[in-house]
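Peer 1: give me a 3D structure for the following:
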Amino acid sequence: MPAPFPVASFRDFYAFEQHVKTCRGHRGLAMVPQWYEVPVFYFSNTVAIIGDGDPVSAPHGSLALDYELELACVIGTAARDLSPDDSAMDCVAGFTILNDWSARDLQRVEMAVGLGPSKSKDFATSVGPRLVPFEELRPHYHDGRLQLQMTASVNGKEYSRGSAGSMYWTWPQILAHASRDTELRPGDLIGSGTVGTGCILELTPEAVGGWLQPGDVVELAIQQLGVLRNTVH
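Peer 2: Coordinates of the predicted model:
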């Protein structure tokens with residue numbers, strides 16, 4: 001089924017320290033000091049956005065398909081140069097679950113050059129199953145973060161468990177950075193980045209039995225938002 005809302009643009013951030021630190025640690029790398037200075041993001045492909053129940057295939061040449069468990073907000077009101085405080089949330093229509101599918105073998109090549117990611121990401125991004133208005137989630141919103149539990153399962157087996165409240169960067173900080181010197185518009189999709197433990201790369205394929213394979217059913221669940229389910233083809 002299609003995404004539950006039209007997407008004008010897609011920015012994906014990198015807001016969870018546990019995820020970044022663990023993945024870099026696997027490669028023997030320390031944290032980049034600049035990560036703590038600015039909430040970085042990349043743009044991805046709106047043409048490849050799909051919905052709950054849609055099939056996903058690894059891109060040509062990839063043998064390392066991965067899921068990424070993320071929370072995402074959708075802009076409802078145009079905004080520019082937002083302040084990094086709770087007033088920034090006035091432009092948010094609601095939140096949804098996001099799976100930033102990744103081809104890790106392609107990504108390693110791209111990132112070694114220092115530009116991207118691109119083809120390792122732009123083949124599929126799934127969102128859904130619905131957009132939950134921010135007003136419904138306000139009881140869970142504290143200190144710029146949504147205190148919601150997040151899990152990922154493959155073929156019914158839980159792989160990932162984390163909390164959206166563990167974000168290092170807050171949603172107002174993310175929105176302020178995204179809107180600096182430009183305009184956020186209705187339909188803009190903004191991802192949180194992967195929660196700690198939220199992908200095979202972080203867990204390591206050795207620990208979970210390998211990368212995703214055809215036939216695998218991936219279910220991402222976030223408290224109050226439902227379950228986003230896709231099957232690998």
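
Peer 1: hey, let's count contacts and neighbours off CA atoms from now on
Peer 2: OK.

Peer 1: dig out what Leu71 forms beta bridges with.
Peer 2: Per DSSP bridges, the residues bridged to Leu71 are Ile97.

Peer 1: mind listing what the residue in the chain sticking out farthest from the centre touches?
Peer 2: Using C-alpha atoms, centre = their mean, the residue of the chain lying farthest from its centre is Gly28. It sits 24.1 Å away. By C-alpha atoms under 8 Å, 6 or more residues apart in numbering, the contact set of Gly28 is empty.

Peer 1: tell me how far it lies from Tyr168.
Peer 2: 22 Å (C-alpha to C-alpha, to the nearest Å).

Peer 1: ok, Pro129 next?
Peer 2: 26 Å.

Peer 1: of the two, who's got more company?
Peer 2: Pro129 (22 against 15; other C-alpha atoms under 10 Å).

Peer 1: so what touches the strand or helix carrying the more buried one?
Peer 2: Using DSSP states H and E, the element containing Pro129 is strand 125-133. For strand 125-133, contacts defined as C-alpha under 8 Å, 6+ apart pick out 3-5, 48-52, 93-101, 225-228.

Peer 1: just stretch 216-231 next, same as before
Peer 2: Contact with stretch 216-231 is made by 52-56, 67, 69, 71, 95-99, 126-132, 137, 148-156, 214-215, 232-233, as judged by C-alpha under 8 Å, 6+ apart.

Peer 1: let's see 6 Å
Peer 2: Identification of contacts with stretch 216-231 by C-alpha atoms under 6 Å, 6 or more residues apart in numbering yields 52-55, 128-129, 148-155, 232.

Peer 1: now that stretch: how far from the chain's centre is it?
Peer 2: Relative to the centre of its chain, stretch 216-231 is centred 13 Å away, using C-alpha atoms, centre = their mean, to the nearest Å.

Peer 1: mind listing what the residue nearest the centre of the chain touches?
Peer 2: What sits nearest the mean C-alpha location of the chain, by C-alpha atoms, centre = their mean, is Glu70, with 3.5 Å. Applying C-alpha under 6 Å, 6+ apart to Glu70 gives the contacts 98, 192-194.

Peer 1: quick one: it and Gln213, what's the gap?
Peer 2: Taken as C-alpha to C-alpha, the span from Glu70 to Gln213 is 21 Å.

Peer 1: ok, Pro84 next?
Peer 2: Pro84 is 41 Å from Gln213, by C-alpha to C-alpha.

Peer 1: could you do Val92 as well?
Peer 2: Per C-alpha to C-alpha, Val92 is found 36 Å from Gln213.

Peer 1: of those two, which one has the most company?
Peer 2: It is Val92, of Val92 and Gln213, that has more neighbours when counted by other C-alpha under 10 Å, with 22 against 16.

Peer 1: wait, that one touches Ile75, no?
Peer 2: Yes. Counting by C-alpha atoms under 6 Å, Ile75 is a contact partner of Val92 at 4.6 Å.

Peer 1: so the nearest residue to Phe134 once chain neighbours are set aside is in which element?
Peer 2: Excluding the flanking residues, the one nearest Phe134 by C-alpha to C-alpha, 6 or more residues apart in numbering is Gly94, at 4.4 Å. Here Gly94, judged by DSSP H and E, is contained in strand 92-99.
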